[in-house]
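In: return a 3D structure for these sequence lines:
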Amino acid sequence: MTGLLTGRVALVTGAASGIGAAIAEAYAREGATLCLVDISTGTGLADVAKRCEDWGVRTITLLADVSKEDDVTRAFADAEAELGAVDILVNNAGILTECRVSDMSAAMFDELIAVDLRSVFLCSRAAIPGMQRKQFGRIINVSSQLGQKGGVGLAHYSAAKAGVIGFTRALARELARDGITVNSIAPGPIHTALSSDLSDEWIRTLTESLPLGRFGYPDEVAPTAVLLASEPGGNLYTGQTLGPNSGDVMP
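Out: Alright, predicted model coming up:
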């Protein structure tokens with residue numbers, strides 16, 4: 001532990017597995033106090049919390065559906081009551097389904113937009129007042145390289161993740177003078193439970209196209225989230241999209 005985040009309160013959504021879990025553990029190693037939020041009622045969230053606590057940091061868990069306004073309001077009120085105002089927000093919660101537009105129902109489209117994009121708005125809005133009071137904040141939104149390039153069978157996911165990038169840029173301009181930075185991370189294909197739901201053909205074709213020739217792992221994305229949350233490392237980044245993506249997108 002180097003203590004880069006000691007004294008900071010971080011709230012991570014979608015923290016029970018994958019990239020969210022890796023970010024939570026990386027923040028714990030850097031000394032952050034943690035609020036881990038997920039919709040899952042399984043053991044994953046408690047397991048991640050235990051691993052974080054093993055680093056000697058206070059960690060609480062909350063169950064919430066971050067696509068729902070009432071759940072978000074309650075989660076942030078509970079987090080602030082327990083830990084104080086959130087300094088670092090990681091909007092990581094997301095779902096992934098595969099379907100061509102010609103076969104996609106409106107319900108499938110709406111569900112993904114709600115979880116992957118609406119939640120970013122709801123959680124950011126809830127975090128802003130506390131950050132403004134402190135004149136410090138870090139909002140980090142997990143997007144995807146597919147929000148930059150698109151993907152066959154993933155138009156709804158690509159639209160949501162492109163929306164995250166646009167929202168990040170606009171909010172960064174709104175909050176810059178309040179000492180709050182807003183950035184996004186657009187990982188490439190990562191070995192997670194979400195990516196395992198994609199078809200074998202999709203995974204094979206994408207792997208063959210990657211300059212690095214492989215999917216990444218969640219713990220290879222987490223250091224980017226540490227950088228953006230830290231001082232002085234993250235001080236000058238705002239409105240940016242950083243891409244740990246195996247070379248899939250080279251802006």
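In: could I get the contacting residues of L112?
Out: Contacts for L112 (Cβ atoms under 8 Å, 6 or more residues apart in numbering) come out as I95, L96, T97, H156, Y157, A160. Quick note: C-beta positions are derived from backbone N, CA and C, even for glycine.
In: how about 7 Å then?
Out: Contact analysis of L112 by Cβ atoms under 7 Å, 6 or more residues apart in numbering lists I95, T97, H156, Y157, A160.
In: now I140
Out: Contacts of I140 by Cβ under 7 Å, 6+ apart are L89, V90, N183, I185, A225, L228, A229.
In: A helix includes it, no?
Out: No: read with DSSP: H, G, I helix; E, B strand; the rest coil, I140 is strand and lies in no helix.
In: ok, so what distance separates it from N92?
Out: I140 sits 8 Å away from N92, going by Cβ to Cβ, to the nearest Å.
In: next one: T2
Out: Note on T2: its distance to N92, by Cβ to Cβ, is 23 Å.
In: partners of the strand or helix carrying L36 in the sheet?
Out: Secondary structure from DSSP states H and E places L36 in strand 33-38. Paired neighbours of strand 33-38 in the sheet (DSSP bridges): strand 9-13 (parallel), strand 59-63 (parallel).
In: out of the contacts of L112, who's the most crowded?
Out: Within the contacts of L112, A160 tops the neighbour count with 27 neighbours, counted by other Cβ atoms under 10 Å.
In: shouldn't that residue be in contact with L117?
Out: Yes: using Cβ atoms under 7 Å, A160 is in contact with L117, at 4.3 Å.
In: distance-wise, check the closest residue to S124 other than its chain neighbours relative to E111.
Out: What sits nearest to S124 in space, not counting adjacent residues and going by Cβ to Cβ, 6 or more residues apart in numbering, is I139, at 5.5 Å. Plainly put, I139 is 24 Å away from E111 if you go by Cβ to Cβ.
In: likewise for S17?
Out: Going from S17 to E111 by Cβ to Cβ gives 19 Å.
In: the two - which one has more neighbours?
Out: Each of S17 and E111 has its neighbours counted (other Cβ under 10 Å); S17 has more, 19 against 15.
In: check the nearest residue to the more buried one once chain neighbours are set aside and give its pLDDT.
Out: Spatial nearest neighbour of S17, excluding adjacent residues (Cβ to Cβ, 6+ apart): G44 at 5.2 Å. Confidence at G44, expressed as pLDDT, is 94.
In: so in the protein, where's the weakest helix or strand by average pLDDT?
Out: helix 200-209 (a mean of 83; mean pLDDT, DSSP states H and E).
In: for that helix, which positions count as buried?
Out: W202, L206 (16 or more other Cβ atoms under 10 Å).
In: please identify the buried residues of the helix or strand just after it?
Out: Under the assignment DSSP H and E, the closest C-terminal helix or strand after helix 200-209 is helix 218-229. Of the residues in helix 218-229, P218, E220, V221, A222, T224, A225, V226, L227, L228, A229 count as buried by neighbour count, 16+ other Cβ under 10 Å.
In: before we move on, back to that, and the residue nearest to S124, bridged to which residues?
Out: Assigned bridge partners for I139, using DSSP bridges, are L89, V182.
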